[in-house]
Structure formats: C-alpha cells, structure tokens
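J.: what would the 3D arrangement of this be:
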Amino acid sequence: KQWYQRRVHGESASTLQPQQTSTTHKMSWQQYVDEQLIATKVVKDAVIAGHDGNIWAASKDFSVSAEEMKKIAENFNNQEVMAMNGLVVAGTKYMYLSSNERIIRAKKGTAGIHLMKTVQALILSSYADPITPEQCAVVTEKLGDYLIEKGF
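T.: Numbering: from 1, shown residues only. Got it, this is the predicted structure:
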C-alpha cells in the first residue's frame with residue numbers, strides 16, 4: 001500500500017522501491033537486476049524499466065536507452081511491427097522471434113533477449129552462448145512473476 005499511496009501522491013515509479021513481505025528487508029530495483037538476474041550467471045545484461053520506457057535499473061555497462069525501451073513498450077503487442085523492424089537494444093538490432101501478451105523473444109546469432117511485461121514494468125534480460133534462451137527465460141520470468149504477485 002505504501003508504494004500505491006506514494007504513486008497516487010505524484011512520486012514517479014523510479015523512486016518507488018518494491019518491498020518484500022518482510023518488514024526488515026527492502027530490495028531496490030538495482031538489487032533485483034544485480035542479485036536476481038545477473039548473479040544467476042545465465043543473464044548477461046539486464047534492465048528494468050517502466051512502461052513509459054524510463055529506466056529504473058540496469059546492469060553495469062549496459063547502454064540500453066529509455067527511447068529503445070519506450071519503443072519496445074509501445075510495440076509490445078504489435079507483432080507485425082516487431083517482425084518487420086526487429087528490436088533495438090543498446091544499439092544492437094535483434095530479430096523478433098515470438099511473443100504473447102507478456103513475453104517477447106528475439107535473437108542475434110547465438111545471443112538474444114527475453115522480455116517480460118509486468119503490471120508496471122518491463123524486464124529485459126540478454127544472454128549469449130553457451131547460455132540457452134530457455135535458461136534466460138526461466139530466470140527472467142521468475143522475477144517477473146514475483147513482481148506481478150507484488151503488484152508491480
């Protein structure tokens with residue numbers, strides 16, 4: 001409720017911090033990227049952004065832009081546009097593979113990206129050989145499902 005009250009009173013989502021049910025431990029968006037995605041060793045780079053494209057947290061040296069995330073968010077449910085244009089992330093163009101209302105998959109050679117849309121956020125994880133798309137997907141969707149459960 002605290003995040004909701006602050007959201008209603010005008011604070012931007014990037015200042016909001018998701019909270020675990022324990023009152024003694026709070027994780028920042030950066031901790032989610034670092035500890036729940038990068039630390040698994042199956043995600044090379046990651047970003048969490050709002051549906052407006054604003055970046056809440058990103059892995060070190062991952063130069064994804066708010067404009068790139070905004071374009072992905074705007075076209076999330078437009079498979080035709082993504083299939084025609086691909087997805088550009090951190091200046092790299094990926095070939096669109098497939099998607100549904102919550103997931104987008106894209107690749108470039110033996111590397112790729114896996115995106116999950118939650119209530120308020122987009123989680124984008126990248127992987128590279130020898131990591132498989134499935135390994136990256138499991139980790140990304142686990143965090144996404146958790147955030148959805150918490151209202152994010």
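J.: give me the buried positions along stretch 125-134.
T.: 125-127, 131, 133 (16 or more other C-beta atoms under 10 Å). C-beta here means a position set from N, CA and C on the backbone, and glycine is covered the same way.
J.: return the subset of those lying in strands.
T.: 125-127 (DSSP state E).
J.: related to what we said a few turns ago, turn the buried residues of stretch 125-134 into TSV, including pLDDT and distance to Gly53.
T.: Formatted as TSV, the buried residues of stretch 125-134 follow (pLDDT from 0 to 100; distance: C-beta to C-beta, whole Å):
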residue	pLDDT	distance to Gly53
Ser125	98	17
Ser126	98	17
Tyr127	98	22
Ile131	97	26
Pro133	97	24
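J.: and those as CSV, adding distance to Ile38?
T.: Output for the buried residues of stretch 125-134, formatted as CSV (distance: C-beta to C-beta, whole Å):
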residue, distance to Ile38
Ser125, 9
Ser126, 10
Tyr127, 11
Ile131, 12
Pro133, 17
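J.: closest one of these to Gln31?
T.: For the buried residues of stretch 125-134, the residue nearest Gln31 by C-beta to C-beta is Ser125; the value is 15.4 Å.
J.: can I assume Tyr146 sits in a strand?
T.: No. Counting by DSSP: H, G, I helix; E, B strand; the rest coil, Tyr146 falls outside a strand, being helix.
J.: now for it, how many residues are close by?
T.: Residues near Tyr146, counting by other C-beta atoms under 10 Å, number 15.
J.: need the pLDDT of it.
T.: In this prediction, Tyr146 carries a pLDDT score of 96.
J.: against Val119, how distant is it?
T.: Per C-beta to C-beta, to the nearest Å, Tyr146 is found 12 Å from Val119.
J.: what segments of this structure are strands?
T.: Listed in chain order, the strands of the chain (DSSP E) span 45-50, 55-58, 87-89, 92-99, 103-108, 111-117, 121-127.
J.: excluding chain neighbours, what is closest to the residue nearest the centre of the chain?
T.: With distances taken as C-alpha atoms, centre = their mean, Ile123 lies nearest the centre of the chain, 1.0 Å away. Leaving aside its sequence neighbours, Ile123 sits nearest to Met116 (C-beta to C-beta, 6 or more residues apart in numbering; 4.8 Å).
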